[in-house]
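Participant: Sequence isn't available, so here's the structure alone:
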């Protein structure tokens with residue numbers, strides 16, 4: 001089974017993570033943007049080679065989960081980290097409000113059907129964690145899920161944490177590397193980015209009045225994130241709480257974690273036996 005690589009942003013496995021203590025800006029004096037850009041480019045270059053090996057080796061699947069408050073930079077981070085990877089070896093799923101068909105199944109059903117195949121990198125832009133984040137903040141959403149009655153509300157969340165842990169443990173035992181990223185943006189930086197979305201015509205489409213309604217529930221969301229990360233950060237499915245106020249730092253940090261994690265899998269191109277190599281040499285001689 002995969003085990004988490006160390007990082008200053010790794011969420012502990014002992015339930016001691018506190019959102020209030022987690023930095024939203026780089027620790028210390030961040031490197032210049034040019035240095036961070038160079039670090040990102042080097043990681044992306046190595047990721048390209050590792051992704052080729054992942055595809056050829058065909059024994060592992062990779063799942064990258066991104067969760068964050070609005071305007072934290074999920075889309076741009078995914079784009080920056082995976083831009084050098086062969087699109088045929090990568091797939092992205094984004095989970096919005098569940099459809100009627102999805103609500104007729106358990107909350108992990110739509111997640112399972114979107115998992116990447118072995119040899120591929122899958123990205124979840126939002127994920128099964130919406131069910132213990134957005135739904136935790138808006139428990140009225142449970143009314144539309146037609147769940148069994150008479151289960152206490154706290155029991156719902158504990159049950160979902162248990163289901164998520166079991167699900168991700170199952171994935172790990174069956175050859176999946178699961179990395180989860182909480183892009184930790186500050187409330188002040190979110191406000192500045194919202195204002196830029198309003199000020200720039202090419203960004204207007206990314207802003208809606210509903211964003212402000214969710215922003216007013218900031219403390220509720222932080223409590224939900226803290227509890228969810230503490231309940232589900234495990235060595236085989238770790239969470240990384242990465243500072244998101246500085247986008248160049250965020251992108252370089254995420255790329256480094258993904259690259260270093262993939263490097264631990266021992267990915268190799270398939271090796272041919274002596275007989276198979278001899279057969280290939282014989283076939284080569286027939287090419288005219």
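Facilitator: That came through fine. The model shown is predicted, which means the values in this text are computed figures rather than measured ones.

Participant: Strands of the stretch 101-250 of the chain, start to end?
Facilitator: Counting by DSSP state E, counting those that start in this stretch, the segments of the stretch 101-250 of the chain that form strands are 121-125, 176-184, 239-243.

Participant: Buried deepest among those strands, which one?
Facilitator: Among these, the stretch with the highest mean neighbour count (mean count of other CB atoms under 10 Å) is strand 239-243, at a mean of 25. Every residue, glycine included, has its C-beta placed from N, CA and C.

Participant: Could you name the helices and strands sitting against it?
Facilitator: strand 176-184, helix 218-232, helix 247-263 (3 or more CB pairs under 8 Å, 6 or more residues apart in numbering; DSSP states H and E).

Participant: Nearest approach to residue 274 belongs to which of those?
Facilitator: Judged by CB to CB, the one of these that comes nearest to residue 274 is helix 247-263, at 29.2 Å.

Participant: The closest one: how far from the chain's middle?
Facilitator: Computed by CA atoms, centre = their mean, to the nearest Å, the chain-centroid distance of helix 247-263 equals 12 Å.

Participant: That one - contacts with which helices or strands?
Facilitator: With contacts defined as 3+ CB pairs under 8 Å, 6+ apart, the packing partners of helix 247-263 are helix 33-57, helix 74-82, strand 176-184, strand 239-243.

Participant: average pLDDT across the third one?
Facilitator: Model confidence over strand 176-184 averages 98 on the pLDDT scale.

Participant: quick check: angle from it to helix 33-57?
Facilitator: Orientation of strand 176-184 against helix 33-57 (axes from the mean of the first three to the mean of the last three CA atoms, to 10 degrees) gives an angle of 160 degrees.

Participant: partners of strand 176-184 in the sheet?
Facilitator: Using DSSP bridges, the strands paired with strand 176-184 are strand 61-68 (parallel), strand 239-243 (parallel).

Participant: quick one on the thing from earlier: got the helices and strands packed on helix 247-263 as a markdown table, with distance to residue 255 columns?
Facilitator: Rendered in a markdown table, the data for the helices and strands packed on helix 247-263 read as follows (distance: least, CB to CB, whole Å):
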| stretch | distance to residue 255 |
| --- | --- |
| helix 33-57 | 4 |
| helix 74-82 | 5 |
| strand 176-184 | 11 |
| strand 239-243 | 11 |
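
Participant: and those, which is most packed in?
Facilitator: strand 239-243 (a mean of 25).

Participant: follow-up on the earlier one: please identify the deepest-packed of the helices and strands packed on strand 239-243.
Facilitator: Using mean count of other CB under 10 Å, strand 176-184 ranks as the most buried of these, with a mean of 24.

Participant: sorry, back to before: closest to residue 264 out of the helices and strands packed on helix 247-263?
Facilitator: In terms of CB to CB, the element of the helices and strands packed on helix 247-263 nearest to residue 264 is strand 176-184, at 8.5 Å.

Participant: ok so, going back, now for the strands of the stretch 101-250 of the chain, which one comes closest to residue 284?
Facilitator: Using CB to CB, the strands of the stretch 101-250 of the chain put strand 121-125 closest to residue 284, at 33.0 Å.

Participant: Packing partners of the helix or strand bottoming out on mean pLDDT in the chain?
Facilitator: Of all helical and strand segments in the chain, the minimum by mean pLDDT, DSSP states H and E falls on helix 274-285, at a mean of 86. In terms of contacts (3+ CB pairs under 8 Å, 6+ apart), helix 274-285 is not packed against any helix or strand.
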